[in-house]
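> okay, sequence plus prediction incoming.
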Amino acid sequence: MHLQQLRYFAAVAETRHFTRAAEREHVAQPSLSQSVRALERELGAELFHRARGHITLTDAGEALLPLARRILADTETARREVQEVAQLRRGRVRLGATPSLCASLVPDALRTFHARYPGIELHVHEDGSQDLVRTLAAGELDLALVITPLAGQAPALTTTELLREELVVVSSPDAPPVTGTGNGGAGGGIRIGDLRGRPLAMFRHGYDLRELTVAACREAGFEPEFGVEGGEMDAVLGFVRAGLGVAVVPSMVAERSGLVTTAFAAPGLHRTISVAHRGDVSPPRAARELRRLLIDAVGGGAAPPRGG
């Protein structure tokens with residue numbers, strides 16, 4: 001049994017026509033028919049019911065088709081892997097990142113990567129950290145920039161810390177300023193408790209900044225009030241701009257937002273960004289190269305990988 005025979009068989013099964021299958025495979029129709037006949041002789045069963053102008057699969061053909069498709073798909077995967085090894089001239093990377101990182105860290109990293117490997121396709125999936133963890137675990141991403149430590153029953157992922165982001169409070173220039181209660185410390189700034197009774201513009205469920213903010217408020221002994229909730233980074237900044245509440249966001253987002261920024265007093269409020277991949281399989285070589293670039297460019301002396 002040869003791959004070409006399986007490819008020709010699958011083409012006939014999908015087009016239900018020998019001539020159209022031959023055209024799709026760029027081969028003469030007699031050659032394709034002979035190849036399918038040879039496959040049938042080798043298997044000892046007819047794969048098609050042949051009637052003039054009407055081709056259907058036999059029971060044997062129905063049984064073979066999903067197996068043939070799987071073999072052909074695995075062959076294509078092997079071909080891609082070999083091409084990636086050849087100096088990363090072709091391939092793809094599927095990267096997941098939070099919206100705040102898509103607006104800051106990711107563009108510069110991908111620009112550097114693309115300059116080195118212009119033949120590699122880049123696919124970016126923007127989502128909240130918890131959703132990215134699930135998408136990565138399902139095999140739909142090669143890498144993801146997520147918030148660690150992973151919350152709840154996290155799947156088996158390998159993570160490497162990249163950077164620690166400072167979080168700040170943003171508010172509308174037209175809203176009353178966010179002020180402290182006088183116990184902010186010598187370095188100034190506010191405490192999380194100073195948000196008690198202040199309406200928050202809150203991210204949707206599944207967004208790491210929502211979970212982090214709510215947890216910090218509860219640790220400070222109060223339940224946060226939501227002036228409005230739902231949406232991702234751009235929406236929440238818009239809610240703040242409209243005066244619907246204040247929000248806790250990364251400082252690098254606040255710097256470009258045009259909103260009033262208020263820092264937290266020491267030790268402050270932070271989140272840790274890590275690059276993650278599935279722990280049970282090695283990422284494709286192109287993804288490994290992007291991971292190395294992220295660690296070198298951002299992580300510097302980052303902590304070693306941790307299985308999760």
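All right, it came through fine. Numbers count the residues shown, from 1 in each chain.
> residue 19 contacts residue 30, doesn't it?
No: contact criterion C-beta atoms under 8 Å: residue 19 and residue 30 do not qualify, at 10.5 Å. C-beta here means a position set from N, CA and C on the backbone, and glycine is covered the same way.
> can you give me the strands in the stretch 1-150 of the chain?
48-51, 54-57, 91-97, 120-126, 143-148 (DSSP state E, counting those that start in this stretch).
> check which helices and strands the second one sits against.
Right, the one you point to is strand 54-57. Other elements packing on strand 54-57 under the criterion 3 or more C-beta pairs under 8 Å, 6 or more residues apart in numbering; DSSP states H and E are strand 48-51.
> part of a strand, is residue 297?
No: using DSSP: H, G, I helix; E, B strand; the rest coil, the assignment for residue 297 is helix, not a strand.
> what average pLDDT does stretch 26-45 get?
Per-residue pLDDT over stretch 26-45 has a mean of 95.
> revised request: answer the last question for stretch 203-219.
According to the model, stretch 203-219 has a mean pLDDT of 90.
> what does it rub up against?
Applying C-beta atoms under 8 Å, 6 or more residues apart in numbering, the contact partners of stretch 203-219 are 98, 100, 128-131, 146-147, 151, 167, 192, 195-196, 200, 202, 223-224, 229-233, 236, 247-249, 269, 271.
> pull out the buried members of the residues you listed.
Taking 16 or more other C-beta atoms under 10 Å as the criterion, what is buried in the contacts of stretch 203-219 is 98, 100, 128-131, 146-147, 167, 192, 195, 200, 202, 224, 229, 231-233, 236, 247-249, 269, 271.
> narrow the residues you listed to those in helices?
In this view, those that belong to helices under DSSP state H are 100, 129-131, 233, 236.
> remind me which residues of the protein are low pLDDT?
For the chain, residues meeting the criterion pLDDT under 70 lie at 85, 87, 151-155, 181-188, 299-308.
> what about the longest helix in it?
helix 59-85.
> what's the local residue count around the closest residue to residue 43 other than its chain neighbours?
Among residues not flanking residue 43 along the chain, residue 60 sits closest, at 7.0 Å (C-beta to C-beta, 6 or more residues apart in numbering). Number of residues near residue 60 (other C-beta atoms under 10 Å) recorded here: 15.
> if we can go back for a sec, highest mean neighbour count out of the strands of the stretch 1-150 of the chain?
Most buried of the strands of the stretch 1-150 of the chain, by mean neighbour count (mean count of other C-beta atoms under 10 Å): strand 143-148, with a mean of 26.
> gap between that one and the chain center?
Its chain's C-alpha centre and that of strand 143-148 lie 9 Å apart, by C-alpha atoms, centre = their mean, to the nearest Å.
> swap in stretch 202-221?
22 Å.
> same deal with stretch 170-179?
Using C-alpha atoms, centre = their mean, the offset of stretch 170-179 from its chain centre is 34 Å.
> got the CA positions of that stretch in CSV?
Written as CSV, here are the backbone C-alpha positions of stretch 170-179 (Å, rounded to 0.1, in the frame of the first residue of the first chain):
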residue,chain,number,x,y,z
VAL,A,170,-6.8,54.0,36.1
SER,A,171,-9.6,56.6,36.4
SER,A,172,-11.2,59.1,34.1
PRO,A,173,-9.8,62.7,34.2
ASP,A,174,-13.3,63.9,34.8
ALA,A,175,-13.9,61.6,37.8
PRO,A,176,-13.0,62.2,41.4
PRO,A,177,-9.4,61.3,42.0
VAL,A,178,-8.5,58.0,43.6
THR,A,179,-6.9,58.9,46.9
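> who touches it?
If you take C-beta under 8 Å, 6+ apart as the criterion, stretch 170-179 is touched by 169, 190, 194-195, 198, 237, 240-243, 246-247, 249, 254, 257, 259-262.
> narrow these to those that are buried.
For these, a burial check counting by 16+ other C-beta under 10 Å picks out 169, 190, 194-195, 198, 237, 240-241, 243, 246-247, 249, 254, 257, 259-262.
> out of those residues, name the ones that lie in strands.
Counting by DSSP state E, the part of the buried ones among the contacts of stretch 170-179 found in strands is 169, 247, 249, 260-262.
> and the residues you listed as JSON lines, adding distance to residue 108?
Listed next are these as JSON lines, based on distance: C-beta to C-beta, whole Å:
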{"residue": "169", "distance to residue 108": "26"}
{"residue": "247", "distance to residue 108": "24"}
{"residue": "249", "distance to residue 108": "19"}
{"residue": "260", "distance to residue 108": "27"}
{"residue": "261", "distance to residue 108": "22"}
{"residue": "262", "distance to residue 108": "27"}
